[in-house]
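J.: need the 3D shape of this:
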Amino acid sequence: MLAFLAERRPVGTEALANYQLTDVVNCPHAMELANHPYLLALAGSYLGCAPTISTIGIRWSRPYGQSATVQSFHRDPDDWKMVKFFAYLTDVAEGTGPHVFIAGSQRERPPLFARRYSDEDVANKYGEKAFITIEGRRGTMFMADTSGVHKGAVARKGPRLMLEVGYTLLPIYAFDYHPVTLTRQVLDLDPYINRLIVRPCDAAR
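T.: Here you go, the predicted structure:
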């Protein structure tokens, strides 16, 4: 996976840089991991139906440039119910952009529109004990309902590379989807689950 990405250029010159969707889906193991039966079962159980993969991306968080919105606390207003899968592709520790989640915040009704929250506001409302900071070696994986309050901490000491997959009930209303073509063989992709990401003929192979 890392050797494949080393030959591609991510888009972005600031603190965050994303690989093109075509590169992500054709990166070895990315689609296989997003469609792993265990992950689909977990997502389906949480959502209460067959999940839709509505986002998939591989992103660098880098220790330079202007910080981005997702590096402040926020909620994802993607769907009525949602869950995301994350996999660290580099070692992640304090100062290299760990994911931070506020325990219990996913049980609240989120606001209709997205907004950012300061660290101080979040600490005052939930208390510092609610802060869950996820660090780990390369290969660390976790899932979270990102309608809850969360952020990717700013990478100040070194870069972080992460795979992210979003599972929702429906397409994200604000997205304009253009499924891309797989240039490698990925077996047993469910056409419905993957309909927003890859062309149907590719998913059915």
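J.: can you give me the strands for the protein?
T.: For the chain, applying DSSP state E gives strands covering 16-18, 52-61, 73-74, 82-88, 99-102, 116-117, 131-134, 141-144, 150-152, 160-168.
J.: so which of these is nearest residue 180?
T.: Judged by C-beta to C-beta, the one of these that comes nearest to residue 180 is strand 52-61, at 10.5 Å. All C-beta atoms are positioned from the backbone trio N, CA, C, and that covers glycine.
J.: can I get the strands of the chain in CSV including mean pLDDT, distance to residue 125 and mean neighbour count?
T.: Shown next, in CSV, are the strands of the chain (pLDDT from 0 to 100; distance: least, C-beta to C-beta, whole Å; neighbours: other C-beta atoms under 10 Å):
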stretch, mean pLDDT, distance to residue 125, mean neighbour count
strand 16-18, 93, 26, 18
strand 52-61, 97, 25, 22
strand 73-74, 94, 10, 18
strand 82-88, 98, 22, 22
strand 99-102, 98, 9, 21
strand 116-117, 92, 8, 15
strand 131-134, 98, 12, 14
strand 141-144, 98, 19, 15
strand 150-152, 95, 14, 22
strand 160-168, 98, 25, 23
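J.: export the ones you listed to a markdown table and tack on distance to residue 31?
T.: Below are the strands of the chain laid out as a markdown table (distance: least, C-beta to C-beta, whole Å):
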| stretch | distance to residue 31 |
| --- | --- |
| strand 16-18 | 17 |
| strand 52-61 | 8 |
| strand 73-74 | 27 |
| strand 82-88 | 13 |
| strand 99-102 | 22 |
| strand 116-117 | 32 |
| strand 131-134 | 24 |
| strand 141-144 | 16 |
| strand 150-152 | 23 |
| strand 160-168 | 9 |
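J.: quick one, which of those is nearest to residue 108?
T.: Closest to residue 108 of these is strand 99-102 (C-beta to C-beta; 9.8 Å).
J.: longest helix of the chain, counting residues only.
T.: helix 37-47 (DSSP state H).
J.: and that helix, which residues are buried?
T.: Under the neighbour-count criterion of 16 or more other C-beta atoms under 10 Å, helix 37-47 has 39, 40, 42, 43, 47 buried.
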